[in-house]
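> Generate coordinates for the sequence data below:
(4 chains)
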There are 2 protein chains.
Amino acid sequence: MNGADRQTRTIAEVAEEFGVTHRTLRYYEDKGLISPERRGTQRIFHPRDRVRLGLVLRGRRLGFPLDEIATIVNMYDQQPGEKGQLEYLLSQIDDRRADLEQRRADIEAALAELQTLERRCSEQLRELTRRS
Amino acid sequence: MNGADRQTRTIAEVAEEFGVTHRTLRYYEDKGLISPERRGTQRIFHPRDRVRLGLVLRGRRLGFPLDEIATIVNMYDQQPGEKGQLEYLLSQIDDRRADLEQRRADIEAALAELQTLERRCSEQLRELTRRS
DNA sequence: GGCGCGCTTGACGTTGACGTCAACGTAAAG
DNA sequence: CTTTACGTTGACGTCAACGTCAAGCGCGCC
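Model prediction:
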């Protein structure tokens, strides 16, 4: 029982798995994005830490600043809470959604333009190869 | 004839229109993202500059680094070029598209999770208000 | 012709997100 | 028990993307 399906990981394994450096993981811990258990002085990564890290890195791929990512991932593991808390959380969710939908619109516009450009290019290319 | 439909703009007007600062526009010029005409020492922004700026800012909203944005927007106003050029451009387009599609997938995953979270929240909220 | 307003160019400062290096602990292996 | 590999904590360095002065130019107006 020391295969890839055991529950806990070292920092090096996690870094390897997610394609980040040791330094990045420490930085994320400083910023409160992850909080792996400590066995003595060493970090122990549990599955939940790796799930969180996955969320964080997705946020990073999307270009969100780390402090925004922090508020987002912290939305996911909150206690039920009282009414005001819940309403605040719901409003936060709406803000995030608006942001994401803006980004999706930007992406689709960009993809559409790329497609147009590609058509023009391959058109040109056909022109050239036909005349040669 | 000095309304908002005249063709040329000052730096202050463009900054206002796009919600950026004077400094940002100068920085983008340094980086070759825009290249407004000069009347003496002053910058004159033509419609094409504003179109380019729009593309640049969309790239920025998407979290692309400025030098990547530079290569992207420069793809758009290239001369027809020769065969090698065109093939290179087509490969670049493919790279960009792959990136954008990854981002779109990330965004849709994030939106789906937000929706799940929102359902859980409003569920909880209904629980609370029902018992009060 | 002096005044102010907008524009311009340096130049240095700042912030976020790490990279990198030094110095040290620790645990398993020979 | 020493080596060796891996882990840890500072601390400083770096790079992108601007912010923020300071100092000066040009020009329209009273």
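> so the helix or strand hosting A:Leu117 versus helix B:83-131, what angle?
Assigned by DSSP states H and E, A:Leu117 falls within helix A:83-130. On the basis of axes from the mean of the first three to the mean of the last three Cα atoms, to 10 degrees, helix A:83-130 is oriented at 160 degrees to helix B:83-131.
> elements contacting helix A:83-130?
Packed against helix A:83-130 by the contact rule (3 or more Cβ pairs under 8 Å, 6 or more residues apart in numbering or on different chains; DSSP states H and E) you find helix A:66-76, helix B:47-61, helix B:66-76, helix B:83-131. Where C-beta positions appear, they are placed from N, C-alpha and C, glycine not excepted.
> now it: mean pLDDT?
For helix A:83-130, mean pLDDT rounds to 93.
> wait, what's in contact with the residue nearest to the spatial centre of chain A?
Centroid-nearest residue in chain A, with Cα atoms, centre = their mean: A:Arg58, separated by 1.3 Å. Residues in contact with A:Arg58 (Cβ atoms under 8 Å, 6 or more residues apart in numbering or on different chains) are B:106, B:109-110.
> Against A:Leu33, how distant is A:Arg97?
21 Å (Cβ to Cβ, to the nearest Å).
> A:Ala109 too?
For A:Ala109 relative to A:Leu33 (Cβ to Cβ), the value is 31 Å.
> out of those two, which sits in the more crowded spot?
Neighbours were counted for A:Ala109 and for A:Leu33 using other Cβ atoms under 10 Å in any protein chain shown; A:Leu33 has more, 22 against 12.
> What strand or helix carries that one?
Applying DSSP H and E, one finds A:Leu33 in no helix or strand.
> Tell me which residues touch it, please.
Per Cβ under 8 Å, 6+ apart, neighbours of A:Leu33: A:52-53, A:56, A:66, A:69-70, A:73.
> If any of these are buried, give me the ChimeraX selection for them.
Command for ChimeraX, covering only those of the contacts of A:Leu33 found buried under the criterion 16 or more other Cβ atoms under 10 Å in any protein chain shown:
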select /A:52,53,56,69,70,73
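> so which of the contacts of A:Leu33 comes closest to DNA strand C?
Compare each of those with DNA strand C using Cβ to the nearest atom of the strand and the shortest gap goes to A:Leu66, at 3.2 Å.
> In contact with the nearest residue to the closest one once chain neighbours are set aside, which residues are there?
Nearest residue to A:Leu66, sequence neighbours excluded (Cβ to Cβ, 6 or more residues apart in numbering or on different chains): A:Lys31, at 5.5 Å. Each residue near A:Lys31 by Cβ under 8 Å, 6+ apart is listed here: A:66-67, A:70.
> Which residue ranges make up the domains of chain A?
Domain ranges of chain A: A:1-77, A:82-132, per automatic domain parsing.
> possible to save these as JSON lines with distance to B:Glu13?
JSON lines is the format used below for the domains of chain A (distance: least, Cβ to Cβ, whole Å):
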{"stretch": "domain A:1-77", "distance to B:Glu13": "28"}
{"stretch": "domain A:82-132", "distance to B:Glu13": "24"}
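> Please list the residues of chain A that sit near DNA strand C.
Applying Cβ under 7 Å from any atom of the strand, one finds that chain A approaches DNA strand C through A:21, A:23-24, A:27, A:31, A:40-41, A:60, A:65-67.
> what about burial for those, which qualify?
By the neighbour-count criterion of 16+ other Cβ under 10 Å, these include these buried positions: A:24, A:60.
> From the residues of chain A next to DNA strand C, pick the one nearest DNA strand D.
When the residues of chain A next to DNA strand C are compared for distance to DNA strand D (Cβ to the nearest atom of the strand), A:Thr41 wins out at 4.4 Å.
> For chain B, what is the nearest residue in chain A?
Nearest residue of chain A to chain B: A:Gly63, at 1.7 Å (Cβ to the nearest Cβ).
> What count of nearby residues applies to that residue?
The tally of other residues near A:Gly63 (other Cβ under 10 Å) stands at 15.
> Who are the contact partners of it?
By Cβ under 8 Å, 6+ apart, the residues touching A:Gly63 are B:62-64.
> possible to save these as a markdown table with distance to A:Arg130 and pLDDT?
Below are these laid out as a markdown table (distance: Cβ to Cβ, whole Å; pLDDT from 0 to 100):
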| residue | distance to A:Arg130 | pLDDT |
| --- | --- | --- |
| B:Leu62 | 37 | 95 |
| B:Gly63 | 40 | 93 |
| B:Phe64 | 36 | 95 |
